[in-house]
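*Asks:* One predicted model, sequence on top.
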Amino acid sequence: MISLADPAAQVGARRRWAMLAASTLAQAATAVMVHGPAFLIPALHDQRGLTLAEAGLVAAAPMLGVMVALVPWGIVTDRRGERVVLLAGLVGAALFGTLAALSGSVVALGLGLGLAGVAAASSNVASGRVVVGWFPAGRRGLAMGIRQMAQPVGVGVAAATMAVVADRSGPYAAVWVPVAACALAAGLVAIVVVDPPRPASGPTAAPNPYRADRYLVRIHGVSVLLVVPQFVVWTFALVWLVQDRDWSPAAAGALVAVAQVAGALGRIGVGQLSDVVASRMRPLRWVTITAAVTMVLLGVTAGLDLMVAVPLVVLATAVTVADNGLAFTAVAERAGPFWSGRALGVQNTAQFLTAAAVPPLAGLAVAGAGYPATFALAAVFPLAALALVPVRDERELS
């Protein structure tokens, strides 16, 4: 059995970066499958006569599938390895997406997308473990930051393609976009990805990391709290620009797209910083403080109708997502190769559940107190998270 001391030495640099590319593509492809159906809502409403609530339910189907499947996929990954899970999930997502595209029935469309979401959840766990397993600690933060770009890239691809195809050819035709993306990713994974080395002792000798201390639980808590400002900004930035700042939808959409790019680059930058300082938790604490300060400033400047509020919303978008890669990497590193699948499943499930609750609750806050107060109120959550960041309990990176 290969030693874990230096997994990077077991494959060449090109192979490591090729596996990073495949993992990133897998995550981006499944992001298109999971988040892309939101861009079918106008076509489902206008062309198929669904109410907005009914169309929203169809669009939410893959997200529901992801939430119920993350922990089970994590267990399978712990026991069977990353490559088989990635391949099974990507092929399954493509097959179920194909059934949805060919169905011609709204009910079958929703069911197919939901099952595609169940399959797509595999990449949330397995693709990250490929990166953690094959990159050494001193390069892992940067590599995971690159992999974490996949979600905003996937959302951007879906926005640029699925909405257009749905408008021109109908919602069923638009589902072929994520089907093609998942099929392409499956092909690349099959060619380049191999399972990272694991200890010869086997899973039965691996202790439950949750029983050792509260390190993982605290990271889960920090991530859940930081999801709140992230989704407050993601959900309401565009509406705020249009309603309160009198921007056109096209201009507001362009700014939101720029903010998403900034967020993707921010994940890489923070990941690289964690490698330089040899710590995930210290940068996570810095990000948490910055998120709290930025949301307060955004609320104040938006309330005073100052121009600086616009660049602050871009900054807030970048800062509030910067923690994802740090937390994800730290969880995988501490949980180890026989528990990280389950731990990452718990991490992502908690974040998805919180993300689903934020838009309606924040919408009530906006209706009652306005956008500025809601932005400022969101700063309470990173402030609460600050006390949970387990800086003192972090071990030396290895």
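*Replies:* Yep, that arrived.
*Asks:* in which helix or strand would I find the residue nearest to L70 when sequence neighbours are not counted?
*Replies:* Nearest-residue entry for L70: G345, 4.1 Å, with adjacent residues in sequence omitted and distances by CB to CB, 6 or more residues apart in numbering. Yep, even glycine has a C-beta here, placed from its N, CA and C like the rest. Assigned by DSSP states H and E, G345 falls within helix 340-369.
*Asks:* Please name every helix or strand in contact with that helix.
*Replies:* Other elements packing on helix 340-369 under the criterion 3 or more CB pairs under 8 Å, 6 or more residues apart in numbering; DSSP states H and E are helix 52-80, helix 106-134, helix 215-243, helix 323-335, helix 371-377.
*Asks:* between the ones you listed, which gets nearest to A22?
*Replies:* Between A22 and the helices and strands packed on helix 340-369, the shortest gap by CB to CB is with helix 106-134, which sits at 7.8 Å.
*Asks:* Can you give me every residue that contacts V224?
*Replies:* Under the criterion of CB atoms under 8 Å, 6 or more residues apart in numbering, the neighbours of V224 are 350-351, 354.
*Asks:* Give me the most central residue, the chain.
*Replies:* Q151 (5.2 Å; CA atoms, centre = their mean).
*Asks:* how near is that residue to R218?
*Replies:* 24 Å (CB to CB, to the nearest Å).
*Asks:* V155 too?
*Replies:* 29 Å.
*Asks:* More neighbours: the two, which one.
*Replies:* Per other CB atoms under 10 Å, whichever of V155 and R218 has more neighbours is V155, with 21 against 17.
*Asks:* Could you tell me how many residues sit around the residue nearest to the more buried one when sequence neighbours are not counted?
*Replies:* Leaving aside its chain neighbours, V155 sits nearest to H35 (5.0 Å; criterion: CB to CB, 6+ apart). Other residues near H35 come to 23 when the count uses other CB under 10 Å.
*Asks:* R14 now?
*Replies:* R14 has 9 nearby residues by other CB under 10 Å.
*Asks:* And what about it, helix, strand or coil?
*Replies:* Following DSSP: H, G, I helix; E, B strand; the rest coil, we place R14 in the helix state.
*Asks:* Kindly provide the distance from it to S123.
*Replies:* With CB to CB as the criterion, R14 and S123 are 22 Å apart.
*Asks:* Distance of the residue nearest to P196 when sequence neighbours are not counted relative to G110?
*Replies:* Sequence neighbours aside, G133 is the residue nearest to P196 in space, at 2.4 Å (criterion: CB to CB, 6+ apart). G133 sits 36 Å away from G110, going by CB to CB.
*Asks:* Could you list the low-pLDDT ranges of the stretch 101-250 of the chain?
*Replies:* 199-205 (pLDDT under 70).
*Asks:* What is the burial count for the nearest residue to D195 once chain neighbours are set aside?
*Replies:* Setting aside the residues directly before and after it, D195 is nearest to G81 in space (CB to CB, 6+ apart), at 4.2 Å. Neighbours of G81 under the rule other CB under 10 Å: 20.
*Asks:* do the same with A137
*Replies:* 17.
*Asks:* what's near enough to touch it?
*Replies:* A137 touches 275, 278, 333, 397-398, counting by CB under 8 Å, 6+ apart.
*Asks:* And stretch 100-111, end to end?
*Replies:* 7 Å (CA to CA, to the nearest Å).
*Asks:* neighbouring contacts of it?
*Replies:* Counting by CB under 8 Å, 6+ apart, 44, 48, 50, 54, 57-58, 61, 99, 112-113, 116, 171-173, 175-176, 179 sit against stretch 100-111.
*Asks:* Then stretch 262-277?
*Replies:* With contact meaning CB under 8 Å, 6+ apart, stretch 262-277 is reached by 137-146, 148-149, 152-153, 280, 282-283, 287, 314-315, 317-326, 329.
*Asks:* Go again with 6 Å.
*Replies:* With contact meaning CB atoms under 6 Å, 6 or more residues apart in numbering, stretch 262-277 is reached by 138, 141-142, 144-146, 148-149, 152, 280, 283, 314, 317-318, 321-322, 325-326.
*Asks:* Kindly report the same for stretch 62-76.
*Replies:* 34, 37, 85, 113-114, 116-118, 121-122, 125, 341-342, 344-345, 348-349, 352.
*Asks:* mind saving the C-alpha coords of that stretch as PDB?
*Replies:* Output in PDB follows, covering the C-alpha atoms of stretch 62-76 (Å, rounded to 0.1, in the frame of the first residue of the first chain):
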ATOM      1  CA  PRO A  62     -32.300  18.700  -8.100                       C
ATOM      2  CA  MET A  63     -31.400  20.700  -5.000                       C
ATOM      3  CA  LEU A  64     -33.700  18.400  -2.900                       C
ATOM      4  CA  GLY A  65     -32.000  15.400  -4.500                       C
ATOM      5  CA  VAL A  66     -28.600  16.700  -3.500                       C
ATOM      6  CA  MET A  67     -29.600  17.300   0.100                       C
ATOM      7  CA  VAL A  68     -30.800  13.800   0.700                       C
ATOM      8  CA  ALA A  69     -27.900  12.100  -1.000                       C
ATOM      9  CA  LEU A  70     -24.800  13.900   0.300                       C
ATOM     10  CA  VAL A  71     -24.100  11.800   3.400                       C
ATOM     11  CA  PRO A  72     -24.900   8.500   1.600                       C
ATOM     12  CA  TRP A  73     -22.500   9.300  -1.200                       C
ATOM     13  CA  GLY A  74     -19.900  10.300   1.500                       C
ATOM     14  CA  ILE A  75     -20.300   6.800   3.100                       C
ATOM     15  CA  VAL A  76     -19.800   5.100  -0.200                       C
END
